[in-house]
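Chemist: kindly generate the corresponding structure for this input.
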Amino acid sequence: MPFTTSRPFHQIFTNVLKRFSQRNLRPSSTLTNIQTKPITNTFHLSYLQTSQSGFRPDFSGAIGALLREFPEQGIVSTDPHELHAYAQSSYSQTPGLPHTVVVHVQSTEDVVKVVNISRKHLVPIVPYSGGTSLEGNLSAPRSGSICVDLSAMNKILTINESDADAVCQAGVTWNDLNETLQEKGIPLFFPLDPGRDATIGGMISTGCSGTNAVKYGTARGEWILNATVVLPSGEVIKTRQRARKSSAGFDLTKLFIGAEGTLGIVTEATLRLAPLLPTRVAVAQFPDVRRATNAVWPEKVTLFFKFQGAEDVIHNNSNLVARVMAQHGASDYRLAENEEEGELIWQDRRNALYAGLAYLPGCKGWITDVCVPVSKLPDLIHAAKKDFEELGLVAPIAGHVGDGNFHALVLYRDEAELALVREAVNRINRKAIELEGTCTGEHGVGTGKREYLLSELGQGTVSLMRMIKRTIDPHNLFNPGKVS
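Modeler: Sure, this is the predicted structure:
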(Lines give C-alpha, C1' and ligand atoms only; values in the text may rest on other atoms or scores of the structure.)
Protein backbone atom coordinates (compact mmCIF):
# COMPACT_ATOMS: atom_id res chain seq x y z
CA MET A 1 0.00 0.00 0.00
CA PRO A 2 1.53 3.37 -0.97
CA PHE A 3 2.60 5.54 1.92
CA THR A 4 0.42 8.58 2.40
CA THR A 5 0.76 11.34 4.95
CA SER A 6 -2.23 11.24 7.26
CA ARG A 7 -3.46 14.26 9.20
CA PRO A 8 -2.07 13.02 12.55
CA PHE A 9 1.35 12.42 10.94
CA HIS A 10 1.24 15.96 9.54
CA GLN A 11 0.31 17.29 12.97
CA ILE A 12 3.18 15.43 14.62
CA PHE A 13 5.73 17.07 12.31
CA THR A 14 4.06 20.47 12.64
CA ASN A 15 4.06 20.27 16.43
CA VAL A 16 7.64 19.04 16.63
CA LEU A 17 8.87 21.79 14.31
CA LYS A 18 6.88 24.35 16.28
CA ARG A 19 8.54 23.19 19.50
CA PHE A 20 11.97 23.36 17.85
CA SER A 21 11.30 26.90 16.63
CA GLN A 22 10.47 27.97 20.18
CA ARG A 23 13.86 26.84 21.45
CA ASN A 24 17.02 28.89 21.29
CA LEU A 25 19.01 26.10 19.67
CA ARG A 26 22.39 26.49 18.02
CA PRO A 27 21.58 24.58 14.84
CA SER A 28 25.13 24.78 13.61
CA SER A 29 26.03 21.55 15.44
CA THR A 30 22.80 19.65 14.80
CA LEU A 31 22.03 17.22 11.99
CA THR A 32 18.62 15.54 12.15
CA ASN A 33 16.68 13.04 9.99
CA ILE A 34 13.69 12.17 9.92
CA GLN A 35 13.52 -22.51 6.33
CA THR A 36 15.13 -24.66 8.27
CA LYS A 37 14.12 -28.23 9.19
CA PRO A 38 11.88 -28.52 12.26
CA ILE A 39 13.86 -29.41 15.39
CA THR A 40 12.31 -31.34 18.26
CA ASN A 41 12.32 -29.39 21.53
CA THR A 42 13.24 -31.53 24.56
CA PHE A 43 14.01 -29.03 27.30
CA HIS A 44 14.74 -31.04 30.47
CA LEU A 45 13.35 -29.85 33.79
CA SER A 46 16.35 -31.37 35.54
CA TYR A 47 18.53 -28.82 33.81
CA LEU A 48 16.48 -25.97 35.28
CA GLN A 49 17.02 -27.33 38.79
CA THR A 50 20.82 -27.22 38.61
CA SER A 51 22.37 -25.14 41.37
CA GLN A 52 24.44 -22.05 40.60
CA SER A 53 26.78 -22.77 43.50
CA GLY A 54 30.32 -24.02 43.06
CA PHE A 55 31.02 -21.97 39.90
CA ARG A 56 34.65 -22.81 39.10
CA PRO A 57 35.40 -22.39 35.38
CA ASP A 58 37.88 -24.91 34.00
CA PHE A 59 39.46 -23.05 31.09
CA SER A 60 42.25 -25.52 30.37
CA GLY A 61 39.77 -28.38 30.27
CA ALA A 62 37.45 -26.40 27.99
CA ILE A 63 40.22 -25.45 25.56
CA GLY A 64 41.44 -29.04 25.40
CA ALA A 65 37.91 -30.27 24.69
CA LEU A 66 37.42 -27.63 21.98
CA LEU A 67 40.67 -28.61 20.27
CA ARG A 68 39.62 -32.26 20.26
CA GLU A 69 36.14 -31.42 18.95
CA PHE A 70 37.48 -29.03 16.28
CA PRO A 71 40.89 -30.36 15.22
CA GLU A 72 40.95 -28.41 11.93
CA GLN A 73 43.55 -25.65 11.73
CA GLY A 74 42.24 -22.17 12.60
CA ILE A 75 38.88 -23.12 14.11
CA VAL A 76 39.97 -22.78 17.75
CA SER A 77 42.25 -19.84 18.49
CA THR A 78 44.09 -18.57 21.55
CA ASP A 79 46.02 -15.96 19.59
CA PRO A 80 46.17 -12.82 21.82
CA HIS A 81 45.30 -10.53 18.92
CA GLU A 82 42.14 -12.49 18.16
CA LEU A 83 41.19 -12.74 21.82
CA HIS A 84 41.30 -8.95 22.03
CA ALA A 85 39.78 -8.19 18.61
CA TYR A 86 36.70 -10.37 19.08
CA ALA A 87 35.87 -8.58 22.33
CA GLN A 88 35.74 -5.19 20.63
CA SER A 89 33.27 -3.31 18.47
CA SER A 90 34.15 -1.24 15.43
CA TYR A 91 33.57 1.69 17.81
CA SER A 92 35.74 2.30 20.86
CA GLN A 93 33.48 3.95 23.48
CA THR A 94 33.14 0.78 25.62
CA PRO A 95 36.34 -1.29 25.30
CA GLY A 96 35.90 -5.02 25.91
CA LEU A 97 37.96 -7.40 28.01
CA PRO A 98 39.72 -10.12 25.96
CA HIS A 99 38.32 -13.63 25.68
CA THR A 100 40.20 -16.76 26.70
CA VAL A 101 39.55 -18.64 23.46
CA VAL A 102 37.74 -17.94 20.17
CA VAL A 103 35.90 -20.63 18.19
CA HIS A 104 35.01 -19.90 14.56
CA VAL A 105 31.84 -21.94 14.05
CA GLN A 106 30.16 -22.74 10.74
CA SER A 107 26.84 -24.33 11.70
CA THR A 108 24.20 -24.63 14.40
CA GLU A 109 25.66 -28.05 15.21
CA ASP A 110 29.04 -26.43 15.86
CA VAL A 111 27.43 -23.96 18.26
CA VAL A 112 25.78 -26.84 20.13
CA LYS A 113 29.16 -28.53 20.56
CA VAL A 114 30.70 -25.34 21.96
CA VAL A 115 27.77 -24.75 24.31
CA ASN A 116 27.98 -28.29 25.66
CA ILE A 117 31.70 -27.86 26.35
CA SER A 118 31.02 -24.48 27.95
CA ARG A 119 28.42 -25.99 30.27
CA LYS A 120 30.53 -29.04 31.17
CA HIS A 121 33.49 -26.89 32.16
CA LEU A 122 31.40 -23.96 33.52
CA VAL A 123 33.08 -21.48 31.19
CA PRO A 124 31.14 -18.36 30.11
CA ILE A 125 30.30 -18.00 26.42
CA VAL A 126 29.92 -14.77 24.40
CA PRO A 127 28.53 -14.68 20.82
CA TYR A 128 30.07 -12.53 18.06
CA SER A 129 28.84 -12.00 14.52
CA GLY A 130 29.53 -8.54 13.05
CA GLY A 131 31.30 -6.50 15.68
CA THR A 132 29.28 -3.32 15.09
CA SER A 133 27.58 -3.03 18.51
CA LEU A 134 28.29 -0.04 20.72
CA GLU A 135 27.64 -0.82 24.37
CA GLY A 136 30.27 -3.37 25.36
CA ASN A 137 28.02 -6.22 24.20
CA LEU A 138 31.01 -8.31 23.08
CA SER A 139 33.24 -8.04 26.15
CA ALA A 140 34.39 -11.08 28.06
CA PRO A 141 33.53 -11.19 31.76
CA ARG A 142 36.45 -10.69 34.13
CA SER A 143 36.75 -14.45 34.55
CA GLY A 144 37.37 -14.93 30.81
CA SER A 145 35.17 -16.67 28.24
CA ILE A 146 34.74 -18.67 25.06
CA CYS A 147 33.86 -16.38 22.16
CA VAL A 148 31.63 -18.07 19.58
CA ASP A 149 32.32 -16.34 16.26
CA LEU A 150 29.30 -16.75 13.96
CA SER A 151 30.54 -14.46 11.18
CA ALA A 152 31.27 -17.42 8.87
CA MET A 153 27.62 -18.47 9.17
CA ASN A 154 26.78 -15.98 6.43
CA LYS A 155 24.57 -17.95 4.05
CA ILE A 156 21.17 -16.93 2.77
CA LEU A 157 19.58 -20.36 2.98
CA THR A 158 16.24 -19.76 1.25
CA ILE A 159 14.42 -16.90 -0.45
CA ASN A 160 10.67 -17.50 -0.64
CA GLU A 161 9.65 -14.79 -3.09
CA SER A 162 5.98 -15.77 -3.22
CA ASP A 163 5.80 -15.64 0.60
CA ALA A 164 7.99 -12.53 0.86
CA ASP A 165 10.41 -14.01 3.38
CA ALA A 166 13.98 -15.29 3.56
CA VAL A 167 15.81 -17.73 5.83
CA CYS A 168 19.29 -16.55 6.78
CA GLN A 169 22.12 -17.60 9.03
CA ALA A 170 23.11 -15.26 11.84
CA GLY A 171 26.20 -13.90 10.08
CA VAL A 172 24.35 -12.52 7.03
CA THR A 173 24.39 -8.72 6.92
CA TRP A 174 21.21 -6.82 6.11
CA ASN A 175 22.90 -4.98 3.25
CA ASP A 176 24.18 -8.24 1.69
CA LEU A 177 20.65 -9.65 1.87
CA ASN A 178 19.18 -6.61 0.14
CA GLU A 179 21.92 -6.55 -2.48
CA THR A 180 21.32 -10.25 -3.21
CA LEU A 181 17.60 -9.61 -3.65
CA GLN A 182 18.38 -6.76 -6.02
CA GLU A 183 20.86 -8.86 -8.05
CA LYS A 184 18.24 -11.60 -8.44
CA GLY A 185 15.65 -9.10 -9.62
CA ILE A 186 13.36 -9.81 -6.67
CA PRO A 187 11.34 -6.65 -5.87
CA LEU A 188 11.56 -7.14 -2.09
CA PHE A 189 13.85 -5.88 0.66
CA PHE A 190 14.51 -6.22 4.38
CA PRO A 191 13.68 -2.77 5.81
CA LEU A 192 15.66 -2.76 9.06
CA ASP A 193 18.74 -0.64 8.34
CA PRO A 194 21.09 -0.06 11.29
CA GLY A 195 24.78 0.55 10.66
CA ARG A 196 26.12 -1.00 7.47
CA ASP A 197 27.40 -4.57 7.88
CA ALA A 198 25.32 -5.23 10.98
CA THR A 199 24.43 -8.94 10.95
CA ILE A 200 21.05 -10.57 11.39
CA GLY A 201 22.16 -12.26 14.61
CA GLY A 202 23.40 -9.02 16.11
CA MET A 203 20.36 -7.08 14.90
CA ILE A 204 18.05 -9.55 16.62
CA SER A 205 20.16 -9.63 19.76
CA THR A 206 20.17 -5.85 20.21
CA GLY A 207 16.58 -5.19 19.05
CA CYS A 208 17.82 -2.85 16.31
CA SER A 209 15.97 -0.48 14.02
CA GLY A 210 17.46 2.25 11.80
CA THR A 211 16.41 5.18 9.65
CA ASN A 212 13.42 3.30 8.20
CA ALA A 213 11.82 2.81 11.62
CA VAL A 214 9.20 5.56 11.19
CA LYS A 215 7.54 3.62 8.38
CA TYR A 216 8.60 0.02 8.99
CA GLY A 217 9.16 -0.23 12.74
CA THR A 218 11.94 -2.09 14.53
CA ALA A 219 13.24 -5.63 15.09
CA ARG A 220 10.66 -5.94 17.83
CA GLY A 221 7.91 -5.74 15.21
CA GLU A 222 6.94 -8.69 13.02
CA TRP A 223 10.01 -8.63 10.77
CA ILE A 224 11.59 -11.62 12.55
CA LEU A 225 9.13 -14.44 11.85
CA ASN A 226 11.10 -17.05 13.78
CA ALA A 227 14.55 -17.77 15.11
CA THR A 228 16.62 -20.91 15.55
CA VAL A 229 18.26 -20.65 18.96
CA VAL A 230 20.80 -22.74 20.88
CA LEU A 231 19.89 -22.67 24.56
CA PRO A 232 22.31 -22.90 27.50
CA SER A 233 21.21 -26.52 27.90
CA GLY A 234 22.69 -27.26 24.46
CA GLU A 235 19.24 -27.90 23.02
CA VAL A 236 18.03 -26.23 19.84
CA ILE A 237 14.62 -24.66 19.38
CA LYS A 238 12.84 -22.91 16.56
CA THR A 239 10.58 -20.31 18.11
CA ARG A 240 7.63 -20.74 15.69
CA GLN A 241 6.72 -21.77 12.14
CA ARG A 242 7.04 -19.62 9.00
CA ALA A 243 3.45 -18.34 8.79
CA ARG A 244 2.98 -14.55 8.76
CA LYS A 245 1.06 -14.67 12.03
CA SER A 246 0.42 -17.10 14.85
CA SER A 247 -1.53 -17.14 18.12
CA ALA A 248 0.09 -20.38 19.28
CA GLY A 249 1.46 -19.87 22.76
CA PHE A 250 4.00 -17.37 24.05
CA ASP A 251 5.84 -15.19 21.54
CA LEU A 252 9.23 -16.73 22.20
CA THR A 253 10.80 -15.03 19.19
CA LYS A 254 10.53 -11.71 20.99
CA LEU A 255 12.02 -13.23 24.14
CA PHE A 256 15.35 -13.43 22.31
CA ILE A 257 15.05 -10.07 20.51
CA GLY A 258 17.07 -7.61 22.58
CA ALA A 259 18.39 -10.31 24.93
CA GLU A 260 21.94 -9.88 23.56
CA GLY A 261 22.81 -13.57 23.71
CA THR A 262 22.10 -13.84 27.44
CA LEU A 263 19.26 -16.37 26.97
CA GLY A 264 20.34 -18.20 23.83
CA ILE A 265 22.49 -17.93 20.71
CA VAL A 266 20.56 -17.14 17.53
CA THR A 267 21.97 -19.13 14.61
CA GLU A 268 19.26 -18.71 11.95
CA ALA A 269 16.16 -16.59 11.40
CA THR A 270 13.27 -16.28 8.99
CA LEU A 271 12.84 -12.65 7.99
CA ARG A 272 9.75 -11.01 6.56
CA LEU A 273 10.47 -8.94 3.48
CA ALA A 274 8.69 -5.80 2.25
CA PRO A 275 7.76 -4.72 -1.28
CA LEU A 276 10.40 -2.54 -2.88
CA LEU A 277 8.63 0.76 -3.59
CA PRO A 278 9.78 3.74 -5.65
CA THR A 279 11.69 5.96 -3.23
CA ARG A 280 12.64 9.61 -3.32
CA VAL A 281 14.70 11.62 -0.82
CA ALA A 282 14.28 15.27 0.08
CA VAL A 283 16.36 17.58 2.22
CA ALA A 284 15.43 20.76 4.09
CA GLN A 285 17.86 23.13 5.76
CA PHE A 286 17.32 25.87 8.30
CA PRO A 287 19.45 29.05 8.41
CA ASP A 288 21.97 29.66 11.13
CA VAL A 289 23.58 32.92 12.19
CA ARG A 290 26.91 31.19 12.25
CA ARG A 291 27.32 30.34 8.55
CA ALA A 292 30.46 28.30 9.03
CA THR A 293 31.28 25.29 6.95
CA ASN A 294 33.35 22.28 7.69
CA ALA A 295 34.99 19.83 5.35
CA VAL A 296 31.82 17.81 4.88
CA TRP A 297 28.68 19.95 4.65
CA PRO A 298 27.26 23.33 5.63
CA GLU A 299 26.68 23.57 9.37
CA LYS A 300 22.91 23.86 9.40
CA VAL A 301 20.02 22.10 11.00
CA THR A 302 19.19 19.59 8.29
CA LEU A 303 16.13 17.39 7.94
CA PHE A 304 16.23 14.41 5.61
CA PHE A 305 12.98 12.91 4.33
CA LYS A 306 12.35 9.65 2.53
CA PHE A 307 9.12 9.27 0.53
CA GLN A 308 7.85 5.99 -0.91
CA GLY A 309 5.01 5.11 -3.24
CA ALA A 310 3.75 5.97 -6.72
CA GLU A 311 5.08 9.12 -8.39
CA ASP A 312 1.96 11.17 -7.66
CA VAL A 313 1.96 10.05 -4.00
CA ILE A 314 5.60 11.07 -3.64
CA HIS A 315 4.97 14.51 -5.12
CA ASN A 316 1.80 15.10 -3.08
CA ASN A 317 3.57 14.20 0.14
CA SER A 318 6.61 16.24 -0.82
CA ASN A 319 4.49 19.32 -1.54
CA LEU A 320 2.79 19.00 1.84
CA VAL A 321 6.12 18.69 3.64
CA ALA A 322 7.55 21.63 1.68
CA ARG A 323 4.67 23.84 2.88
CA VAL A 324 5.20 22.77 6.49
CA MET A 325 8.94 23.40 6.20
CA ALA A 326 8.35 26.89 4.80
CA GLN A 327 5.97 27.71 7.66
CA HIS A 328 8.75 26.90 10.11
CA GLY A 329 11.52 28.86 8.44
CA ALA A 330 13.37 26.36 6.26
CA SER A 331 15.80 28.23 4.03
CA ASP A 332 15.86 25.50 1.42
CA TYR A 333 13.81 22.43 0.57
CA ARG A 334 14.68 20.17 -2.31
CA LEU A 335 13.28 16.90 -3.59
CA ALA A 336 15.76 14.71 -5.42
CA GLU A 337 15.14 14.48 -9.15
CA ASN A 338 15.38 10.69 -9.14
CA GLU A 339 16.38 7.71 -6.99
CA GLU A 340 20.03 7.99 -7.97
CA GLU A 341 20.27 11.58 -6.77
CA GLY A 342 18.32 10.61 -3.66
CA GLU A 343 20.85 7.89 -2.88
CA LEU A 344 23.67 10.47 -3.07
CA ILE A 345 21.80 12.77 -0.67
CA TRP A 346 21.08 9.89 1.70
CA GLN A 347 24.79 9.09 1.80
CA ASP A 348 25.22 12.26 3.85
CA ARG A 349 22.95 10.81 6.51
CA ARG A 350 24.70 7.43 6.42
CA ASN A 351 28.09 9.12 6.75
CA ALA A 352 27.07 11.30 9.69
CA LEU A 353 29.39 9.41 12.06
CA TYR A 354 32.46 9.92 9.90
CA ALA A 355 31.53 13.53 9.15
CA GLY A 356 31.21 14.18 12.86
CA LEU A 357 34.63 12.69 13.60
CA ALA A 358 36.11 14.89 10.86
CA TYR A 359 34.85 17.94 12.74
CA LEU A 360 37.76 17.66 15.20
CA PRO A 361 40.71 15.93 13.50
CA GLY A 362 42.32 13.27 15.67
CA CYS A 363 39.40 13.00 18.06
CA LYS A 364 37.32 10.04 19.19
CA GLY A 365 33.56 10.00 19.65
CA TRP A 366 31.00 8.61 22.11
CA ILE A 367 27.65 7.82 20.50
CA THR A 368 24.46 8.27 22.53
CA ASP A 369 21.17 6.49 21.76
CA VAL A 370 18.35 8.05 23.75
CA CYS A 371 14.72 7.93 22.59
CA VAL A 372 11.66 9.76 23.93
CA PRO A 373 8.04 10.31 22.89
CA VAL A 374 8.17 12.43 19.72
CA SER A 375 6.57 15.48 21.35
CA LYS A 376 9.37 15.57 23.93
CA LEU A 377 12.28 15.32 21.49
CA PRO A 378 12.85 19.12 21.33
CA ASP A 379 13.04 19.25 25.13
CA LEU A 380 15.64 16.48 25.17
CA ILE A 381 17.79 18.00 22.41
CA HIS A 382 17.61 21.40 24.09
CA ALA A 383 18.74 19.89 27.41
CA ALA A 384 21.53 17.92 25.71
CA LYS A 385 22.88 20.96 23.86
CA LYS A 386 22.78 22.98 27.08
CA ASP A 387 24.82 20.27 28.83
CA PHE A 388 27.34 20.15 25.98
CA GLU A 389 27.81 23.91 26.12
CA GLU A 390 28.15 23.91 29.91
CA LEU A 391 30.80 21.18 29.79
CA GLY A 392 32.61 22.70 26.81
CA LEU A 393 32.04 19.71 24.53
CA VAL A 394 31.49 19.49 20.78
CA ALA A 395 28.70 17.06 19.89
CA PRO A 396 27.09 16.93 16.43
CA ILE A 397 23.64 15.35 16.59
CA ALA A 398 21.99 12.99 14.10
CA GLY A 399 18.72 11.28 14.72
CA HIS A 400 15.28 10.11 13.73
CA VAL A 401 12.78 12.93 14.26
CA GLY A 402 9.87 10.69 13.32
CA ASP A 403 10.39 8.22 16.17
CA GLY A 404 11.99 10.39 18.85
CA ASN A 405 15.44 8.77 18.70
CA PHE A 406 18.64 10.79 18.40
CA HIS A 407 22.37 10.14 18.53
CA ALA A 408 24.86 12.71 19.75
CA LEU A 409 28.45 12.05 18.74
CA VAL A 410 30.27 13.56 21.73
CA LEU A 411 33.85 14.27 20.69
CA TYR A 412 36.93 14.04 22.93
CA ARG A 413 40.70 14.08 22.54
CA ASP A 414 42.07 12.97 25.92
CA GLU A 415 41.16 11.39 29.25
CA ALA A 416 40.17 14.71 30.78
CA GLU A 417 37.63 15.35 28.03
CA LEU A 418 36.48 11.72 28.23
CA ALA A 419 35.52 12.28 31.88
CA LEU A 420 33.38 15.24 30.79
CA VAL A 421 31.85 13.11 28.03
CA ARG A 422 30.83 10.46 30.56
CA GLU A 423 29.14 13.14 32.66
CA ALA A 424 27.27 14.53 29.63
CA VAL A 425 26.15 11.07 28.53
CA ASN A 426 24.91 10.28 32.04
CA ARG A 427 22.88 13.50 32.09
CA ILE A 428 21.33 12.78 28.68
CA ASN A 429 20.38 9.23 29.65
CA ARG A 430 18.80 10.39 32.92
CA LYS A 431 16.93 13.19 31.13
CA ALA A 432 15.54 10.79 28.53
CA ILE A 433 14.19 8.51 31.27
CA GLU A 434 12.73 11.53 33.07
CA LEU A 435 10.87 12.40 29.85
CA GLU A 436 9.28 8.91 29.76
CA GLY A 437 11.85 7.65 27.29
CA THR A 438 14.71 5.19 27.19
CA CYS A 439 18.49 5.25 27.50
CA THR A 440 18.75 3.08 24.38
CA GLY A 441 16.48 3.30 21.37
CA GLU A 442 18.28 0.79 19.16
CA HIS A 443 21.84 0.00 20.30
CA GLY A 444 21.08 -2.33 23.17
CA VAL A 445 22.16 -2.37 26.81
CA GLY A 446 25.38 -4.38 26.99
CA THR A 447 27.53 -3.19 29.87
CA GLY A 448 27.32 0.47 28.89
CA LYS A 449 23.64 1.07 29.74
CA ARG A 450 23.06 -1.53 32.43
CA GLU A 451 23.14 0.98 35.29
CA TYR A 452 20.08 2.78 33.92
CA LEU A 453 17.72 -0.20 33.70
CA LEU A 454 16.41 0.02 37.23
CA SER A 455 15.40 3.68 36.97
CA GLU A 456 13.92 3.15 33.49
CA LEU A 457 12.03 -0.12 33.98
CA GLY A 458 11.52 -0.40 37.74
CA GLN A 459 12.50 -3.07 40.23
CA GLY A 460 9.64 -5.44 39.40
CA THR A 461 10.42 -5.55 35.68
CA VAL A 462 14.17 -5.95 36.17
CA SER A 463 13.58 -8.69 38.76
CA LEU A 464 11.38 -10.57 36.30
CA MET A 465 14.06 -10.29 33.60
CA ARG A 466 16.62 -11.72 36.05
CA MET A 467 14.24 -14.54 37.00
CA ILE A 468 13.88 -15.50 33.33
CA LYS A 469 17.66 -15.42 32.96
CA ARG A 470 18.22 -17.64 36.02
CA THR A 471 15.59 -20.10 34.81
CA ILE A 472 17.01 -20.53 31.32
CA ASP A 473 20.68 -20.10 32.24
CA PRO A 474 21.11 -21.24 35.88
CA HIS A 475 24.93 -21.20 35.68
CA ASN A 476 24.91 -17.64 34.19
CA LEU A 477 27.18 -18.76 31.36
CA PHE A 478 25.58 -16.93 28.40
CA ASN A 479 27.07 -13.44 27.95
CA PRO A 480 27.14 -12.76 31.71
CA GLY A 481 27.07 -9.21 32.99
CA LYS A 482 25.05 -7.87 30.07
CA VAL A 483 21.49 -6.45 29.93
CA SER A 484 19.80 -7.23 33.27
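Chemist: what residue ranges in the stretch 51-200 of the chain score low on pLDDT?
Modeler: 51-55, 92 (pLDDT under 70).
Chemist: ok, now with 50
Modeler: For the stretch 51-200 of the chain, residues meeting the criterion pLDDT under 50 lie at 51-53.
Chemist: now the helices for it?
Modeler: Assigned by DSSP state H, counting those that start in this stretch, the stretch 51-200 of the chain shows helices spanning 59-69, 80-85, 108-121, 174-183, 200-206.
Chemist: other SSEs contacting the third one?
Modeler: Under the contact definition 3 or more Cβ pairs under 8 Å, 6 or more residues apart in numbering; DSSP states H and E, helix 108-121 sits against helix 59-69, strand 125-128, strand 146-149, strand 224-230, strand 265-272. Quick note: C-beta positions are derived from backbone N, CA and C, even for glycine.
Chemist: how near is the closest residue to Ala432 other than its chain neighbours to Ser205?
Modeler: Spatial nearest neighbour of Ala432, excluding adjacent residues (Cβ to Cβ, 6 or more residues apart in numbering): Val370 at 3.7 Å. Relative to Ser205, Val370 is positioned 20 Å away (Cβ to Cβ, to the nearest Å).
Chemist: residue contacts, the residue nearest to Ala432?
Modeler: By Cβ atoms under 8 Å, 6 or more residues apart in numbering, Val370 lies in contact with Leu380, Asn405, Phe406, Ile428, Asn429, Lys431, Ala432, Gly437, Thr438, Cys439, Thr440, Gly441.
Chemist: who's in contact with the spatially most central residue of the chain?
Modeler: What sits nearest the mean C-alpha location of the chain, by Cα atoms, centre = their mean, is Cys208, with 3.4 Å. Cys208 makes contacts with Leu192, Pro194, Ala198, Gly202, Thr218, Ala219, Glu442, His443, Gly444, as judged by Cβ under 8 Å, 6+ apart.
Chemist: and for Glu69?
Modeler: Lys113, Ile117.
Chemist: just to revisit the earlier point, looking at the contacts of Val370, which are in strands?
Modeler: Of the contacts of Val370, the ones assigned to strands by DSSP state E are Asn405, Phe406.
Chemist: what segments of the stretch 151-300 of the chain are strands?
Modeler: Per DSSP state E, counting those that start in this stretch, the stretch 151-300 of the chain carries strands over the ranges 156-160, 165-169, 188-189, 224-230, 236-238, 265-272, 274-275, 279-286.
Chemist: any idea which of the ones you listed is most buried?
Modeler: Per residue and on average, the most neighbours among those fall to strand 265-272, with a mean of 26 (mean count of other Cβ atoms under 10 Å).
Chemist: between helix 108-121 and that strand, find me the angle.
Modeler: Strand 265-272 runs at 150 degrees relative to helix 108-121, counting by axes from the mean of the first three to the mean of the last three Cα atoms, to 10 degrees.
Chemist: what pLDDT, on average, does strand 265-272 get?
Modeler: Across strand 265-272, pLDDT averages out at 98.
Chemist: elements contacting that strand?
Modeler: Secondary elements touching strand 265-272 (3+ Cβ pairs under 8 Å, 6+ apart): helix 108-121, strand 125-128, strand 165-169, helix 200-206, strand 224-230.
Chemist: so Leu177 touches Ile156, yeah?
Modeler: Yes. Applying Cβ atoms under 8 Å, one finds Leu177 in contact with Ile156, separated by 6.2 Å.
Chemist: anything in contact with each of the two?
Modeler: Ala166, Cys168.
Chemist: for the stretch 351-484 of the chain, which segments count as helices?
Modeler: 352-359, 377-391, 415-434, 453-457, 459-472.
Chemist: got a list of what the residue nearest to Ser246 when sequence neighbours are not counted touches?
Modeler: Distances taken as Cβ to Cβ, 6+ apart put Arg240 closest to Ser246, at 5.4 Å, once the chain neighbours are dropped. Contact analysis of Arg240 by Cβ under 8 Å, 6+ apart lists Leu225, Asn226, Ser246, Ala248, Asp251, Leu252, Thr253.
Chemist: can you tell me which of the residues you listed are buried?
Modeler: Leu225, Asn226, Leu252, Thr253 (16 or more other Cβ atoms under 10 Å).
Chemist: residues contacting the last one?
Modeler: Under the criterion of Cβ under 8 Å, 6+ apart, the contact list for Thr253 reads Ile224, Leu225, Asn226, Ala227, Thr239, Arg240.
Chemist: same question for the second one.
Modeler: Contact partners of Asn226, counting by Cβ under 8 Å, 6+ apart, are Lys238, Thr239, Arg240, Gln241, Arg242, Thr253, Ala269, Thr270.
Chemist: still on that earlier bit, what's across from the residue nearest to Ala432 in the sheet?
Modeler: Taking DSSP bridges as the rule, Val370 bridges to Phe406.
Chemist: let's have the chain start at 120 instead
Modeler: Happy to do that; since the first residue is 120 now, the last one works out to Val489.
Chemist: for Asp498, see how far away it is.
Modeler: 12 Å.
Chemist: same question for Asp431.
Modeler: 37 Å.
Chemist: now swap in Met584 and tell me
Modeler: Met584 is 29 Å from Asp498, by Cβ to Cβ.
Chemist: and for Gly567?
Modeler: In terms of Cβ to Cβ, Gly567 sits 24 Å off from Asp498.
Chemist: of these two, which one has the most company?
Modeler: Higher neighbour count among Gly567 and Asp498: Gly567, with 24 against 16, using other Cβ atoms under 10 Å.
Chemist: next one, pLDDT for that one please.
Modeler: pLDDT, read off for Gly567, is 89.
Chemist: pretty sure it contacts Ser252?
Modeler: No. Applying Cβ under 8 Å, one finds Gly567 not in contact with Ser252, separated by 9.6 Å.
Chemist: skipping adjacent residues, who's closest to Ser237 in space?
Modeler: Ile244 (4.4 Å).
Chemist: show me what the residue lying closest to Leu186 once chain neighbours are set aside is bridged to.
Modeler: Take Leu186 and drop its neighbours on the chain: the residue closest to it by Cβ to Cβ, 6+ apart is Val195, 5.4 Å away. When assigned by DSSP bridges, Val195 has beta-bridge partners Val222.
Chemist: quick revisit: of the contacts of Arg359, which belong to helices?
Modeler: If you go by DSSP state H, those have Leu371, Thr372 in helices.
Chemist: closest to Glu534 among the contacts of Arg359?
Modeler: Thr372 (42.7 Å; Cβ to Cβ).
Chemist: what's the spacing between the residue lying closest to that closest one once chain neighbours are set aside and Arg339?
Modeler: Once flanking residues are discounted, Thr372 sits nearest to Thr358: 4.2 Å by Cβ to Cβ, 6+ apart. Counting by Cβ to Cβ, the separation of Thr358 from Arg339 is 14 Å.
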